[in-house]
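Asker: Only the shape, not the letters, is given here:
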DNA sequence: TTGAATTTTGATAGCGCTATCAACTACGCT
DNA sequence: AGCGTAGTTGATAGCGCTATCAAAATTCAA
């Protein structure tokens, strides 16, 4: 029990000392164990007798101890840096994603590094993945990067944990944090249905993203349940861009019997739909209802503001970091890679772009 | 010269050692000085002979040394954290701002903390400012927060350095990083003029932001130089929101002799102008040209893509961090507060929303 | 009951950096 | 010359935590 030296410092001459922060030594002393044991408990190491563990945990709670992040990462000599790699174009999430990730990172005292991978070939992506794998302990992959088999496999091969955000498919080997796209699309369709719409058009998302498929399936399911057959000409292929939304909507509204509602797979395309409707002299939502998906800033920028599905991107990013950290620690303790699929709740945000159809 | 122990470790048995990271010791050894001296140089401490300083700096550059953030904040017992406080609503900058700030922060091994101050009264803002001043060493203030006298004065009173981003006015007491809004607006107006436009309408920005005034003045100056009087009814008050742009444009286009070009003080309002024009059956840019300001994602989301002024927000955020860090260090060394006004270059981005007027 | 295999615990030695103060330079002065 | 005084530099001692390995306590088989 190295109580003596401790006492010496505590009562003694320690010239520089931070404010109130409780240290691991104080916890150790109070609990009557060594700092090392406290460290083990705090880090969830297995080899601690459960009686000891509980004693320490209680003390930690009593003293309200929080490990010092700087010291931890210094001692661990394992710069726990996490990379967030994004490909800008489609990513209207970005800012929220960053806010959440940064928040999670600073809570966990982890350094977050950003990387943009634009205009890359499959080969360059592979190379980049290999390179980043050497400098960070974990990677967060928002769409559409998380759909790239090349990137994922390279990262997994390098043995670092990966979390995919908002990826529709639950991939083997990598963990995911996402909403239930299927269910959300279903709810949105039901929402439209409940307003009395039946001629509902759907603008699909980019085919390279699995979420697109799930959203469409959710739509199909709701329509089927309502017993309304889907007119294939009322389903247009989009690519998540405003431009593609414009084109899809033009086709939809050029029909002799246009839809009374348009369900676009994301907000940008929904905004485009509103724009085209306006151009044709239609009022939204009086003449046609339009709904989007994602609740990006676009949804509240356009007028009328869009009814859409909110994904808690920030929270998702934050929990990705926690997830990553947990598996990094686990890996260090030699445990097996654990893959989790974390589904978080979405929310149907009702705004001003939906009304009952005129012809009801 | 404590070379001996150093050698021992270098050649010796050091069981745990991080990958490639260059340490302060390596720099010191190479430069033939003590680690302490390197530390002093890196931290910009004054008491180092300039010959020594340069030698060390060269070595640092040669070895590409980056201080270890964890070790630094552990030793200093004073985590150099800097806060980025934003008020979301108007801030379409956010994501770029964050990317830049994060980049700057990680380069400088500083922790960045984010804070949102929405829906606050002057009093709560004061309180929040006082509180944050205690937990961080510096603050970055993007608009519109940087225009709040209450916040600024509180922060300045607390003695912590503040950098205002993209604030039009150059405030005393706080440093700023911004573009030349006046000049940029002038250039944009000249651009329109050079295409043959003369009936140019202007949609002003929110009156509580100084940049709004400067942009309008730039417009005025260019028109004056061209010898074209400004029709006051062609100048509408906007508030940087899409909605306000909608209303302003409605008024503008309802006139018997509508403008041939609209210069909106930001991209959201310009996008709104495009939308209204479309609704009235006008083609952009054939029937009317529209230009924006800021080059936010909105500019490339709408169709046609907007000609606008690009502010290098990311770079501005990054240099804010550097600026802040420098004055934090300086303050620690007991030097006086230094206020700088850093004007960065803007860029006129020509896209598809401008064409010569039909009636020329 | 005893010895080996196992689990649990603690002492030691840093991680990379900086605060502190002592030591060592120049200088200018009586 | 002798001695401050300011300006530079370095040695020392941690910051709070964890990797490592040895010691101690426990379990289990024989």
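Answerer: Good, I have the coordinates. Every value quoted in this text rests on a predicted model; they were computed, and no experiment measured them.
Asker: CA only for contacts and neighbour counts going forward, please
Answerer: Fine.
Asker: What's the nearest residue in the stretch 251-360 of chain A when you look at chain B?
Answerer: Per Cα to the nearest Cα, the residue of the stretch 251-360 of chain A with the smallest distance to chain B is residue A:279, at 4.0 Å.
Asker: so residue A:178 sits in a strand?
Answerer: Yes: under the criterion used here (DSSP: H, G, I helix; E, B strand; the rest coil), residue A:178 sits inside a strand.
Asker: So it sits against residue A:184, correct?
Answerer: No: contact status for residue A:178 versus residue A:184: not in contact, 11.5 Å apart, counting by Cα atoms under 8 Å.
Asker: Quick one: low-confidence residue ranges for the stretch 251-360 of chain A.
Answerer: Scanning the stretch 251-360 of chain A with the threshold set as pLDDT under 70 gives A:331-337, A:359-360.
Asker: which residues touch whichever residue of the stretch 151-300 of chain A sits closest to DNA strand C?
Answerer: For the stretch 151-300 of chain A, the nearest residue to DNA strand C under the criterion Cα to the nearest atom of the strand is residue A:160, separated by 20.8 Å. Taking Cα atoms under 8 Å, 6 or more residues apart in numbering or on different chains, we find residue A:160 in contact with A:133, A:137, A:138, A:139, A:328.
Asker: Of the residues you listed, grab the buried ones for PyMOL.
Answerer: Selection of buried members from these for PyMOL, criterion 16 or more other Cα atoms under 10 Å in any protein chain shown:
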select buried, chain A and resi 133+137+138+139+328
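Asker: Just the contacts of residue A:160: which are in helices?
Answerer: The members of these that map onto helices under DSSP state H are A:133, A:328.
Asker: how about the nearest residue to the residue of the stretch 251-360 of chain A closest to chain B, chain neighbours excluded?
Answerer: Sequence neighbours aside, residue B:279 is the residue nearest to residue A:279 in space, at 4.0 Å (criterion: Cα to Cα, 6 or more residues apart in numbering or on different chains).
Asker: ok, is stretch A:308-328 in contact with DNA strand D or not?
Answerer: No: looking at stretch A:308-328 against DNA strand D by Cα under 7 Å from any atom of the strand, there are no contacts, and the closest approach is 10.7 Å.
Asker: Using neighbour counts, pick out the buried residues of that stretch.
Answerer: Buried residues in stretch A:308-328, counted by 16+ other Cα under 10 Å: A:308-328.
Asker: from what I can see the residue nearest to residue A:279 touches residue A:281, true?
Answerer: Yes: the pair formed by residue B:279 and residue A:281 meets the contact definition of Cα under 8 Å, at 6.4 Å.
Asker: Identify the contacts common to the two.
Answerer: Overlap of the contact sets of residue B:279 and residue A:281 (by Cα under 8 Å, 6+ apart) is empty.
Asker: who has more neighbours, the two?
Answerer: Neighbours were counted for residue B:279 and for residue A:281 using other Cα atoms under 10 Å in any protein chain shown; residue B:279 has more, 18 against 14.
Asker: if I look at the more buried one, how far off is residue B:47?
Answerer: In this structure, residue B:279 and residue B:47 are separated by 67 Å, where distance is defined by Cα to Cα, to the nearest Å.
Asker: returning to what we had before: what pLDDT does the residue of the stretch 151-300 of chain A closest to DNA strand C get?
Answerer: At residue A:160 the predicted local confidence, pLDDT, stands at 81.
Asker: now it, what's its secondary structure?
Answerer: Look at residue A:160: counting by three-state DSSP, its state is coil.
Asker: Would you mind measuring from it to chain B?
Answerer: As defined by Cα to the nearest Cα, to the nearest Å, residue A:160 lies at a distance of 16 Å from chain B.
Asker: and what of residue A:235?
Answerer: Taken as Cα to the nearest Cα, the spacing of residue A:235 relative to chain B amounts to 22 Å.
Asker: now residue A:187
Answerer: Residue A:187 sits at a distance of 28 Å from chain B (criterion: Cα to the nearest Cα).
Asker: now the strands: where do they sit in chain A?
Answerer: All strands of chain A, identified by DSSP state E, fall at A:81-86, A:111-116, A:138-141, A:162-165, A:175-179, A:200-204, A:235-237, A:261-264, A:289-291, A:308-310, A:341-344, A:347-349.
Asker: Noted, bye for now.
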